[in-house]
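> take this sequence and fold it.
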Amino acid sequence: MAVTREVIWKAADELDAEGIRPTLAAVRKRVGSGSYTTISEAMGEWKAHKEADARIEYEPAPPEIAERAGNLAAEIWTMARTTADQALAGERQAMIAEHTELRAQATEAAELADSLTEESDKLRAELDALRGVQAERDRLADELAELKRKTADEVHRAMEKATAKDNEALEARKNERIALERAGRAEGQAQALKEQLGELTAALRPPKGGRG
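Coordinates of the predicted model:
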């Protein structure tokens, strides 16, 4: 439901009938929505109509005075009423001036409230955006931590493989050295056997000029 002037006036009438002072906050609570500026302007008109509807009722001169004093009493009563009217007029002017000042202050306060509401909404939106950035940063931090963990695991496995290959290479070089040593000894033994074979062959060869 749109917050129109009539809706605001109806809420103010209801509050006034219930004996509740129709302040801006009370009217806005009864209406349920609407800016303070709109409510303030409508309430200013409502109060003006309320004051215009109030009529000053003059009590007639008591019958006994009219009977006893006649025209003199009526004249005195008229003068008193005129004086009262003048006093009331002065008070009414003062009340109108005060009401105008209060209405201006209320409008200014309502505008300030609306401005603060807009600023609050803006700050709330910025806070939500910051929370979104914080959540994204946390997500990226978690991904980075997981990446570091996976990288560390991969590096560890690679080092283990490299260490195993180094051990295999050392074992191969050791076996190669052992094989070379064995080959060297075998070659020495073969050379010694060759020399021994030569000596035996020379010993078995008959001397020159002897019998065959």
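> distance between the ends of stretch 27-35?
11 Å (Cα to Cα, to the nearest Å).
> what does that stretch contact?
3, 7-8, 11-12, 14-15, 36, 39, 43, 110, 114, 117 (Cβ atoms under 8 Å, 6 or more residues apart in numbering). Quick note: C-beta positions are derived from backbone N, CA and C, even for glycine.
> checking residue 86 next. Helix, strand or coil?
Under DSSP: H, G, I helix; E, B strand; the rest coil, the three-state class of residue 86 is helix.
> let's verify residue 19: helix, strand, or coil?
Under three-state DSSP, residue 19 falls in the coil class.
> number of nearby residues for it?
By other Cβ atoms under 10 Å, the residues close to residue 19 number 6.
> then residue 111?
14.
> leaving out the residues flanking it, which one is nearest to it?
residue 37 (5.6 Å; Cβ to Cβ, 6 or more residues apart in numbering).
> which parts of the helix or strand hosting the one you found are buried?
Assigned by DSSP states H and E, residue 37 belongs to helix 36-53. For helix 36-53, burial by neighbour count (16 or more other Cβ atoms under 10 Å) applies to 36, 37, 38, 39, 40, 41, 42, 43, 44, 46.
> for the chain, which spans come out with low pLDDT?
1, 54-70, 73-74, 77, 207-212 (pLDDT under 70).
> one more time with 90, if that's ok
Across the chain, the stretches falling below the confidence threshold (pLDDT under 90) are 1-3, 33-36, 49-138, 140-141, 143-212.
> filter the contacts of stretch 27-35 to the buried ones?
For the contacts of stretch 27-35, a neighbour count by 16+ other Cβ under 10 Å gives the buried set as 3, 7, 8, 11, 12, 15, 36, 39, 43, 110.
> pick out whichever of the residues you listed sits closest to residue 162.
Nearest to residue 162 among the buried ones among the contacts of stretch 27-35 is residue 36, at 74.9 Å by Cβ to Cβ.
> contact partners for that closest one?
Residues in contact with residue 36 (Cβ under 8 Å, 6+ apart) are 24, 28, 109, 110, 111, 113, 114.
> which members of the buried ones among the contacts of stretch 27-35 are the farthest-apart pair?
The distance between the two most remote of the buried ones among the contacts of stretch 27-35 (Cβ to Cβ) is 17.6 Å, for 15 and 110.
> mind listing the helices for the chain?
For the chain, the helices defined by DSSP state H occupy 5-17, 24-31, 36-53, 63-69, 71-204.
> run through who's touching the first one.
Read it as helix 5-17. With Cβ under 8 Å, 6+ apart as the test, helix 5-17 has contacts from 1, 21-22, 26-27, 30-31, 34, 38-39, 42-43, 45-46.
> let's see that with 10 Å instead.
1, 3-4, 20-24, 26-34, 38-43, 45-47, 49-50 (Cβ atoms under 10 Å, 6 or more residues apart in numbering).
> CA atoms of that helix as CSV?
Output of helix 5-17 as CSV, limited to C-alpha atoms (Å, rounded to 0.1, in the frame of the first residue of the first chain):
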residue,chain,number,x,y,z
ARG,A,5,-1.3,11.7,2.8
GLU,A,6,-4.7,10.2,3.4
VAL,A,7,-3.1,7.0,4.8
ILE,A,8,-0.9,9.1,7.2
TRP,A,9,-3.9,11.2,8.3
LYS,A,10,-5.9,8.0,8.9
ALA,A,11,-3.1,6.6,11.1
ALA,A,12,-2.8,9.9,13.0
ASP,A,13,-6.6,10.0,13.6
GLU,A,14,-6.5,6.4,14.9
LEU,A,15,-3.7,7.2,17.3
ASP,A,16,-5.4,10.4,18.5
ALA,A,17,-8.6,8.5,19.1
